[in-house]
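# Fold the following, please.
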Amino acid sequence: MLNLIKELSELWPSYYALTKEDSKNKAYKLIHDTLPKSLRPLNEGKKHLLVASSGGQGNITAGPWFATFDERITTRAEEGYYLVFLFSIDMKKIVLELGFATGQFTKFYGVNKNTYKIMRDAALMMQEATTSICNDFPHQEFITKLNREPSDLSTLPPTSKHKLQKGYEQASIYSLSYDIDKLEGSSLLEDYGLFLELYQRIAVDPLVPSVESLLGRTIENSPLNTELNIPAATNFSIRAPKKVTSNTPSKSSFNGKRRSKDAKAVGDMGEKIVLAFEKNKLSNHPELLDKIVHEEAEKNRPGWDISSYNENGEKMRIEVKASSTSIINSLTITSNEWQAAKKYGDSYYIYLVYDVTARGASRIEIIKNPVEYYNNQLFSIQIESYNLKLNS
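Residues are numbered from 1 along each chain as shown. Next comes the predicted model:
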C-alpha cells in the first residue's frame, strides 16, 4: 500500500490539472479501485467493515481519500464517522484520521468560517465522549501520539478554495500525519491496525454520540439567524399509496437509527420557523398576535406545540414536525398528540416543515384534522413501540 500511496501522489498533480474525472487514467484507477482494495487484507478477520474512496464527483478534487467504514456507524461518506486516509492538497502528506462527515453541518449552517468553528466544537465533544475508551485502550503509546488538534491538509493560508478539505481538517477527532516521501520505514500500517481497533471500540460504545446528536448539540449551543427564511405554506398533498410487492416486508421497516437523524434541535428550529410564520400571518391582527403561545417553549404539554389563530379569530392547535430533508412520508406522533387531534378535529393541524437549516426552511405543508385523513383511510398508523409497565 505504501508504494501505491507514493505513486498516486506523483500522478495526481497532472491528473488534477485535467479538471474532469477520467476513468481511463491510472490515477483514477488507483484511487477508485486499487487503494481501497489494498485495505481489505488489513481489515481481514474484523467484522462490519466496508471500504470506500473518492477522487471527486465529476470534477477532480485537490485531495483524494480512501477509507474504512464500520457499517454499524455508516455505510456512506456523507454520514457518521470513519477512519480515512486523506491526501493533503499538495499531495506531500497523507493523514490517517478518525473524522466525521461534514455534509450535515454544511447543509444546516452553510459553508463559512463559523461552520468550521462549529465542526471543531463537535470534534471536541467527540474527544470528550471517547476519553474513557482511549484511557482503557491497551496500546497507550499509540494513544499518546494521536493529534487532537485539527488535521493539516495544507489548506493554509486561508482562501475560498478547498472548502471540502477545510471541513475535513476541522472534523478530525484524532489524526496522525505522514510525509509521503518518508513512508518507507514509517509506522503507518501498524498505526492503521491500532486506529482501526480504536475505531471499532468507539463504534460499539453506547455512550458515544452519533453525528446527528452532535449536530443537535451544536444547534442548541449556537445563536441562530434572527432573519429566518419563512417559506410559503401549502395545504397537504395526498401521498401516492405505497406499492406492495412480494418483496415488501410484512414486519415493521422502522429503523430507529434513521428516524433519529433529525435531532430534537432541528425540531425546535422548525417550531421557531412556524412561530414566525404564524406571527407574520397575523401581522394585521394585533389583537390575535398577542395571543399566540409557543406551548413547547412554555413547557406546556397540551398535545401540540403552538396555539395560534386564523384570520377569523378561530383557534388553531398546531403540532410541528420538522425535517432537514425535503421529503416526509411518515412521522412519529405521541399518544397525547393523537388524543388531542381526535378531540379538537378541524382546529388541530400538523405543520410539516421541510429542509430546515439555520437560515430557515424551504416550505411548509399543512395537514388540517389528521384524524379525518385517518378515518378516510388516507393515513395509516403503525405501532412501533410499547410502554412495558413493570408494576401492573
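# When you work out contacts or count neighbours from here on, use the C-alpha atoms and nothing else.
Fine.
# So for stretch 73-80, what gets flagged as buried?
When neighbours are counted by 16 or more other C-alpha atoms under 10 Å, the buried residues of stretch 73-80 are found to be 73-77, 79-80.
# Could you do stretch 130-143 as well?
Counting neighbours by 16+ other C-alpha under 10 Å, one finds that the buried residues in stretch 130-143 are 130, 133-134, 137, 143.
# Which ones among those residues lie within helices?
Applying DSSP state H to the buried residues of stretch 130-143, the entries found in helices are 133-134, 143.
# residue ranges with poor pLDDT in the chain?
The chain contains residues with pLDDT under 70 at 157-160, 222-226, 242-263, 392.
# Try it again at 50.
246, 248-262 (pLDDT under 50).
# ranges for the strands of it?
Taking DSSP state E as the criterion, the chain carries its strands at 49-57, 59-70, 81-87, 93-100, 172-179, 233-235, 293-294, 306-309, 315-322, 348-354, 363-368.
# CA atoms only: put the fourth one into PDB for me.
When you say that, I think you mean strand 93-100. Output of strand 93-100 as PDB, limited to C-alpha atoms (Å, rounded to 0.1, in the frame of the first residue of the first chain):
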ATOM      1  CA  LYS A  93       1.400  14.300   3.200                       C
ATOM      2  CA  ILE A  94      -1.100  11.600   4.000                       C
ATOM      3  CA  VAL A  95      -3.200  12.000   7.100                       C
ATOM      4  CA  LEU A  96      -4.800   9.000   8.800                       C
ATOM      5  CA  GLU A  97      -7.800  10.500  10.500                       C
ATOM      6  CA  LEU A  98     -10.800   9.400  12.600                       C
ATOM      7  CA  GLY A  99     -13.200  12.100  11.500                       C
ATOM      8  CA  PHE A 100     -16.900  12.700  11.000                       C
END
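# That strand packs against which elements?
Contacts defined by 3 or more C-alpha pairs under 8 Å, 6 or more residues apart in numbering; DSSP states H and E place strand 93-100 against strand 81-87, strand 172-179.
# quick one on the thing from earlier: output the strands of the chain as TSV; include the columns mean neighbour count.
Rendered in TSV, the data for the strands of the chain read as follows (neighbours: other C-alpha atoms under 10 Å):
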stretch	mean neighbour count
strand 49-57	18
strand 59-70	22
strand 81-87	25
strand 93-100	25
strand 172-179	22
strand 233-235	13
strand 293-294	18
strand 306-309	22
strand 315-322	23
strand 348-354	24
strand 363-368	20
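# Quick one, which of those strands gets closest to Pro241.
Put simply, out of the strands of the chain the one that sits nearest Pro241 is strand 363-368, at 17.2 Å, with distance taken as C-alpha to C-alpha.
# Which other helices and strands does the closest one contact?
For strand 363-368, the packing partners by 3+ C-alpha pairs under 8 Å, 6+ apart come out as strand 233-235, strand 348-354.
# Which one of those strands lies nearest to Lys166?
Nearest of these to Lys166, taken as C-alpha to C-alpha: strand 348-354 at 28.1 Å.
# domain assignment for this structure?
Domain assignment for the chain, taken from automatic domain parsing, gives 2-220, 224-375.
# what's the span of the longest one from first residue to last?
Counting by C-alpha to C-alpha, to the nearest Å, you get 43 Å between the two ends of domain 2-220.
# Centre-most residue in this structure?
Ranked by distance to the mean C-alpha position of the chain (C-alpha atoms, centre = their mean), the top residue is Gln104 at 4.0 Å.
# ok, that residue - contacts?
Neighbouring residues of Gln104 by C-alpha atoms under 8 Å, 6 or more residues apart in numbering: 78-79, 212, 215.
# For Ile273, state which of the residues you listed is nearest.
Lowest distance from Ile273 to the contacts of Gln104 (C-alpha to C-alpha) belongs to Leu215, with 18.4 Å.
# right, and the closest one touches Arg120 too?
No. Contact status for Leu215 versus Arg120: not in contact, 11.4 Å apart, counting by C-alpha atoms under 8 Å.
# My read is that Ile60 contacts Asn25, right?
No. Applying C-alpha under 8 Å as the test, Ile60 and Asn25 come out as separate, 11.9 Å apart.
# what about the closest residue to Thr61 other than its chain neighbours, distance to Leu8?
Nearest residue to Thr61, sequence neighbours excluded (C-alpha to C-alpha, 6 or more residues apart in numbering): Gly55, at 5.7 Å. When C-alpha to C-alpha is the yardstick, Gly55 and Leu8 sit 11 Å from each other.
# What is the neighbour count of Tyr374?
Other residues lying near Tyr374 total 12 when counted by other C-alpha atoms under 10 Å.
# make that Lys163, sorry
The local packing of Lys163 (other C-alpha under 10 Å) involves 15 other residues.
# List the contacts of Ile306.
If you count contacts by C-alpha under 8 Å, 6+ apart, then Ile306 has 271, 275, 292-296, 317-320 around it.
# Between which two of those is the distance greatest?
Ile292 and Val320 (14.6 Å).
# if we can go back for a sec, which of the buried residues of stretch 130-143 sits closest to Leu164?
Checking the buried residues of stretch 130-143 against Leu164 with C-alpha to C-alpha, the nearest one is Thr130 at 25.1 Å.
# pretty sure the closest one is touching Arg201, no?
No. The pair Thr130 and Arg201 does not pass the contact test of C-alpha under 8 Å, sitting 9.5 Å apart.
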